[in-house]
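Student: Take this sequence and fold it.
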Amino acid sequence: MRHPGLGTVGAAVPDPPPPLADRVLGGRYRLVRRLAQSGMAEVWEGHDQILARPVAVKVLHHHLATDDAFLERFRREAVAAARLVHPAIVATYDAGTDEGIAFIVMELVRGQTLREALADSGPLPTTVAVPIAAQVADALDHAHRAGLVHRDVKPANILVTEQAGTATTVGVKVADFGIARMETDDDAMALAQTGAVTGTASYLAPEQVTGDPPDGRSDGYALGVVLYEMLCGQAPFRADTDLGTALLRVRQTPPSPRAAQPTVPPPLERIVLTAMAERPDERYQSLGAFRDALLALDLGSLDQADLARSRDADDQQPQDEPTGELDALVDDALIDGDHRATPPQGTLPLPRPVERRRGPLAGILALATLVLVVVGLLVAGGGGGAGGGGGGPGPSPTRQGAPVAVTGARSFDPLGDGEENDARAGLAVDGDPSTSWATQTYRSRPFGGLKSGVGLVVELDRASALQGLDVRSPTGGWVAEVYVAARPGAVLGDWGRPVAAVDGTSGDASVELGEARGGAVLVWITDTGPSLRVEISEVVVRS
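Tutor: Residues are numbered from 1 along each chain as shown. All right, here's what the predicted structure looks like:
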């Protein structure tokens, strides 16, 4: 038997599995057709006969389903995976056994795997590869904080999804959380000899190759390899055998992405090489840090440099070089009826695509409309800080801290035309609640699908430890995040992580800032609420 990660090992020939087509598992999940197969399981399109919805059913190979200890680990990890609720993680609905058939029931995602997309389209431009990697990093960070390490991050476990609307948006779904972590250090070899997946050779971290315990940083290494492959069109380490490929990781330093693909910008190369550092202590210490490094990139500037290099390279290529199609990234490999899976919130395009010359990237370049998607991802990823909304009155003397003097206010619209009723921004800090600043009125929430947010920046007369923020607003139902920085940032990534949130306020709101130190505060509105606009009559910052 050939083990997909480590080569060929011996194993007894299992009894033939029972036929699966049209089987009903657990009294409710009818298997419709097989979609994929791996060394551990088959994935079937199924139909939940109770809830009348399509599902994906992962069925363990018969020889694994007869191992009681393995089945118990399978059950425990399926339960753990079901607790992961994240827009970039394939949801786990159910698990069980039925007459010797062990199965997991999951969300059925419309799209194709990143592996299929790369095979069809070759290297991806930075404005596509970086947002995909940032979404995967955010999903892995969420799992790690819940105590679940994936251990088998690879393009085949990343689903690329599309949603059609006024413009094309692209998101990802990370799969196989319920299986990958079952392989504990004590039983990894036993599982390998049964044919169970312990990781794919091209993406194993060095510590996985040498048998040391993997952790979240091992997932970060694998994602670095995936990002390298998205940018360069090939994996960084290649040998004649799977085992040889795995061993290269402990014998060689990671190769330069720019050596394989000169269009890779130097700042992005540094991120890739940090993620793929041989020693875990030299990598990003969390997937959140990896994600933040990606979000801090100015994709607009990188894309222009990438475009110039691509044009130079294209001038050297044959005129009849084949091109791809947008459908190369999104097709019907996994079908969910007539419905498309929703990409993570905030995954929004530019109003117009970035044009590029012919070449192997041409079919993907329509997706360069995602140049600002990583900014929206930071909004979707959230985290970091307490928050809350309320319908109480404006500033109250009983709240902790005294008002801080402000020097002015301005709108913050990095995803739009650069300003949002900026001439009226000062009315939000003039001390007169009868005057106000307001966003534009949008045709739908949030922001008519044009962008993921807009904000109001309040500049203080000095940097200090801030206690709280009070907002008076005659409009309700809006959602916002609050950022604090030493000085106003040009893009959302410059502000760091949010320190508080206003969620569905009925109008006025007060949030605590936890003594975050700074000289500027950003109220970043992510949902206009039912009014389709947000009006702010007064903002008070307390220190």
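
Student: Report all helices and strands that the strand or helix carrying residue 209 contacts.
Tutor: Using DSSP states H and E, residue 209 sits in helix 206-210. For helix 206-210, the elements it packs on are helix 216-232, helix 242-251, judged by 3 or more CB pairs under 8 Å, 6 or more residues apart in numbering; DSSP states H and E. (Glycine included, C-beta is placed from N, CA and C.)

Student: ranking the ones you listed by mean pLDDT, which is last?
Tutor: Of all those, the minimum mean pLDDT falls on helix 242-251 (a mean of 65).

Student: Now the following helix or strand past that one: average pLDDT?
Tutor: Later in the chain than helix 242-251, the nearest helix or strand by DSSP H and E is helix 257-260. Per-residue pLDDT values over helix 257-260 give a mean of 90.

Student: Remind me what helix 257-260 packs against, helices and strands.
Tutor: Going by 3+ CB pairs under 8 Å, 6+ apart, helix 257-260 lies up against helix 216-232, helix 266-275.

Student: Let me see the contact set for the closest residue to residue 85 other than its chain neighbours.
Tutor: In this structure, residue 85 finds its nearest non-sequential neighbour in residue 91, 7.3 Å apart by CB to CB, 6 or more residues apart in numbering. Residue 91 makes contacts with 82, 84, 85, 106, 107, as judged by CB atoms under 8 Å, 6 or more residues apart in numbering.

Student: Now do the SS call for residue 459.
Tutor: Under the three-state scheme (DSSP: H, G, I helix; E, B strand; the rest coil), residue 459 adopts strand.

Student: That one: neighbour count?
Tutor: 16 (other CB atoms under 10 Å).

Student: Correct me if wrong: it contacts residue 520.
Tutor: Yes. Taking CB atoms under 8 Å as the definition, residue 459 is a contact partner of residue 520 at 5.2 Å.

Student: Identify the contacts common to these two.
Tutor: What both residue 459 and residue 520 touch, as defined by CB under 8 Å, 6+ apart, is the set residue 488.

Student: Please name the bridge partners of the residue nearest to residue 94 when sequence neighbours are not counted.
Tutor: With CB to CB, 6+ apart as the criterion, residue 94 has its nearest non-adjacent residue at 4.0 Å, and that residue is residue 105. With DSSP bridges as the criterion, residue 105 is bridged to residue 57, residue 94.

Student: Pull out the C-alpha coordinates of stretch 212-226 and format them as PDB.
Tutor: The C-alpha coordinates for stretch 212-226 follow below in PDB (Å, rounded to 0.1, in the frame of the first residue of the first chain):
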ATOM      1  CA  ASP A 212       8.900  16.000  17.000                       C
ATOM      2  CA  PRO A 213       5.500  17.100  18.200                       C
ATOM      3  CA  PRO A 214       3.900  19.600  15.700                       C
ATOM      4  CA  ASP A 215       1.900  22.600  16.900                       C
ATOM      5  CA  GLY A 216       0.200  25.700  15.400                       C
ATOM      6  CA  ARG A 217       3.600  26.900  14.000                       C
ATOM      7  CA  SER A 218       3.700  23.700  11.900                       C
ATOM      8  CA  ASP A 219       0.400  24.700  10.300                       C
ATOM      9  CA  GLY A 220       2.000  28.100   9.700                       C
ATOM     10  CA  TYR A 221       5.000  26.400   7.900                       C
ATOM     11  CA  ALA A 222       2.600  24.500   5.700                       C
ATOM     12  CA  LEU A 223       0.700  27.600   4.800                       C
ATOM     13  CA  GLY A 224       4.000  29.300   3.900                       C
ATOM     14  CA  VAL A 225       4.600  26.500   1.500                       C
ATOM     15  CA  VAL A 226       1.100  26.800   0.100                       C
END
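
Student: List the buried residues for it?
Tutor: 214, 216, 217, 218, 219, 220, 221, 222, 223, 224, 225, 226 (16 or more other CB atoms under 10 Å).

Student: Go through these and name the one nearest residue 206.
Tutor: Nearest to residue 206 out of the buried residues of stretch 212-226 is residue 221 (CB to CB; 7.6 Å).

Student: Return the distance of the residue nearest to residue 85 relative to residue 36.
Tutor: 18 Å (CB to CB, to the nearest Å).

Student: Can you list the buried residues in the helix holding residue 209?
Tutor: Buried residues in helix 206-210 (16+ other CB under 10 Å): 206, 207, 208, 209.

Student: Looking at those residues, which is nearest residue 69?
Tutor: residue 208 (21.7 Å).

Student: how about the nearest residue to that closest one, chain neighbours excluded?
Tutor: residue 214 is the one closest to residue 208 (CB to CB, 6+ apart), at 5.1 Å.

Student: is it true that the one you found lies in a helix?
Tutor: No. Read with three-state DSSP, residue 214 is coil and lies in no helix.

Student: Can you tell me how far it is from residue 410?
Tutor: The value you get for residue 214 to residue 410, if CB to CB is used, is 47 Å.

Student: tell me the contacts of residue 436?
Tutor: Residue 436 touches 424, 427, 428, 474, 535, 536, 537, 538, counting by CB under 8 Å, 6+ apart.
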